[in-house]
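>>> Got a predicted structure here, sequence first:
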Amino acid sequence: MSAPNSDYDPVEVTPLHPDEIARVVREALDAVAGAVTLAELKQVRLDHAGDRSPLALANREIGALPPQARKEAGQRVGQARGEVNRAIAERTAALEVAEKAARLAAETVDVTLPVDREPVGARHPITTIQETVADIFVAMGWEVAEGPEVEAEWLNFDALNLGPDHPARTMQDTFWIKSGESASQESGMVLRTHTSPVQARTMLTRTPPIYVVCPGRVYRTDEADATHMPVFHQVEGLAIDRGLSMAHLKGTLDHFARAIYGAGMTTRFRPSYFPFTEPSAEVDLLCYVCHNDPGAVAGCRTCGGEGWVEWGGCGVVNPRVLVACGVDPEEFSGFAFGMGLDRTITSRYDIADLRDLWDGDIRFTEPFGVGL
Ligand code: PHE
């Protein structure tokens with residue numbers, strides 16, 4: 001910086017000349033007005049109001065002026081800097097408002113746009129009922145047992161007192177598995193026609209007391225139509241212990257019925273025949289729609305005016321089955337039951353066509369609840 005000089009005329013010092021100051025201010029104001037983003041404005045501030053801007057440089061010249069000239073020059077430069085700073089501040093405020101408005105506009109969510117999310121699945125009612133049944137029995141201390149769907153003929157039939165010539169073999173239309181190309185080559189395997197072979201498997205592999213429940217898929221050679229499917233679901237129960245009787249069976253099924261359909265539900269037995277139980281019964285549920293109420297039963301569509309709906313088969317395990325499966329019938333006795341789950345669901349929810357259970361259509365399964 002030059003030393004004070006009494007001859008020094010600020011008007012003669014170019015950076016301090018009023019015209020020059022006015023020009024620099026105009027230039028700064030034009031630049032401020034021309035900045036359209038905050039980033040651009042930042043650069044303008046550096047160029048026109050920063051340490052190296054023409055006005056800052058002019059300011060520095062003031063110190064070199066003779067004292068009497070400093071005041072006037074200082075006012076001129078001060079006003080100029082004030083004017084530029086004010087313009088920058090105003091422009092900053094304006095650009096901030098504009099940028100915020102632009103951001104809000106860009107981030108606006110159009111809630112009317114269709115969502116492109118993948119639909120989630122829903123639990124199938126068959127899965128849900130299988131788990132519910134398993135839970136009910138596990139709560140009583142029973143275990144869940146499983147067996148294969150391609151089953152040994154011996155376990156599906158013979159062990160259950162259905163020998164090769166037993167007429168009741170024809171009660172269950174069976175898918176036989178061939179072992180070779182020729183139709184005459186039997187493999188000794190079938191698609192299980194019921195979940196009862198799991199009874200035999202369990203007795204052969206465990207020692208009593210046995211309390212197992214077995215939900216699973218079974219097969220019969222039925223044509224698919226609204227009320228039949230070649231594949232459907234059953235749940236099997238087997239209890240083997242000392243001193244078990246038909247009374248325990250009835251009590252267990254009543255509890256099962258109430259656990260699914262609520263208090264007031266009950267079951268009834270009708271005499272029946274199964275080779276693997278003796279005595280045997282068909283078990284019916286009190287109609288869960290009309291409750292066999294005299295005022296409502298006549299017109300009830302669910303039970304067809306019967307007051308009861310079919311639920312499954314049951315009985316006291318035939319001693320011949322115990323022997324075939326290595327359990328001493330002198331020491332142990334037991335009961336077994338088997339229910340169809342598909343019809344339970346179709347009648348419960350008034351589903352007219354059994355095939356709806358198999359279509360895999362999410363619109364069918366969704367109303368039964370719980371997205372996955
Ligand atoms: N397995 C029989 C059926 O499929 C049902 C049943 C199971 C009957 C257990 C008695 C005991 O029809």
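Good, I have the coordinates.
>>> What's the nearest residue in the stretch 151-300 of the chain when you look at the ligand?
Of all residues in the stretch 151-300 of the chain, residue 194 sits closest to the ligand, at 3.3 Å by CB to the nearest ligand atom. From N, CA and C alone the C-beta is placed, and that goes for glycine too.
>>> what's the neighbour count on the residue nearest to that residue when sequence neighbours are not counted?
Excluding its sequence neighbours, the residue lying closest to residue 194 (CB to CB, 6 or more residues apart in numbering) is residue 218, at 5.4 Å. Residues lying near residue 218 (other CB atoms under 10 Å) number 23.
>>> tell me which strands and helices the lowest-mean-pLDDT helix or strand in the chain is in contact with?
The weakest-scoring helix or strand in the chain, judged by mean pLDDT, DSSP states H and E, is helix 342-348 (a mean of 83). When contacts are defined as 3 or more CB pairs under 8 Å, 6 or more residues apart in numbering; DSSP states H and E, helix 342-348 sits against helix 125-138, strand 308-317.
>>> That helix near the ligand anywhere?
No - contact of helix 342-348 with the ligand (CB under 6 Å from any ligand atom) is absent, the minimum separation being 12.1 Å.
>>> about what we covered before: contacts only, for the residue nearest to residue 194.
Shown in contact with residue 218 (CB atoms under 8 Å, 6 or more residues apart in numbering): 149, 191, 192, 193, 194, 195, 231, 232, 233, 234.
>>> same check, this time on residue 52
Shown in contact with residue 52 (CB under 8 Å, 6+ apart): residue 46.
>>> Next: residue 355.
Here residue 355 is in contact with 224, 225, 226, 229 (CB under 8 Å, 6+ apart).
>>> The last one and residue 39, how far apart?
In this case it means residue 229. According to CB to CB, to the nearest Å, residue 229 stands 69 Å off from residue 39.
>>> Over to residue 269: give its phi and psi.
Torsion angles at residue 269 (phi, psi; degrees, to the nearest 10) stand at phi -110, psi 140.
>>> For it, which residues count as its bridge partners?
Counting by DSSP bridges, residue 269 is bridged to residue 283.
>>> residues contacting it?
Neighbour list for residue 269: 250, 281, 282, 283, 284, 314 [criterion: CB under 8 Å, 6+ apart].
>>> how about a cut-off of 7 Å?
250, 281, 283 (CB atoms under 7 Å, 6 or more residues apart in numbering).
>>> Which helix or strand contains residue 193?
Residue 193 is located outside every helix and strand, with elements delineated by DSSP states H and E.
>>> And residue 359, by the same measure?
Using DSSP H and E, residue 359 is not contained in any helix or strand.
>>> That one: neighbour count?
By other CB under 10 Å, 11 other residues sit near residue 359.
>>> The one 4 residues further on too?
Residues lying near residue 363 (other CB under 10 Å) number 9.
>>> low-confidence ranges in the stretch 251-372 of the chain?
Segments of the stretch 251-372 of the chain classed as low confidence (criterion: pLDDT under 70) are 370-372.
>>> For it, which residues are neighbours of the ligand?
So far as CB under 6 Å from any ligand atom goes, the stretch 251-372 of the chain lies against the ligand at 274, 277, 313, 314, 315, 336, 337, 338.
>>> Out of those, which comes closest to residue 47?
Residue 47 lies nearest to residue 338 out of those, by CB to CB, at 90.3 Å.
>>> then the helix or strand hosting that closest one to CSV, C-alphas only?
Per DSSP H and E, residue 338 falls inside strand 333-340. Extracted C-alpha coordinates of strand 333-340, given in CSV (Å, rounded to 0.1, in the frame of the first residue of the first chain):
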residue,chain,number,x,y,z
SER,A,333,-55.8,-99.6,23.4
GLY,A,334,-56.5,-96.4,21.4
PHE,A,335,-58.7,-94.4,19.2
ALA,A,336,-58.3,-92.8,15.8
PHE,A,337,-60.2,-90.3,13.6
GLY,A,338,-59.8,-88.7,10.2
MET,A,339,-61.6,-85.6,8.8
GLY,A,340,-61.7,-84.0,5.4
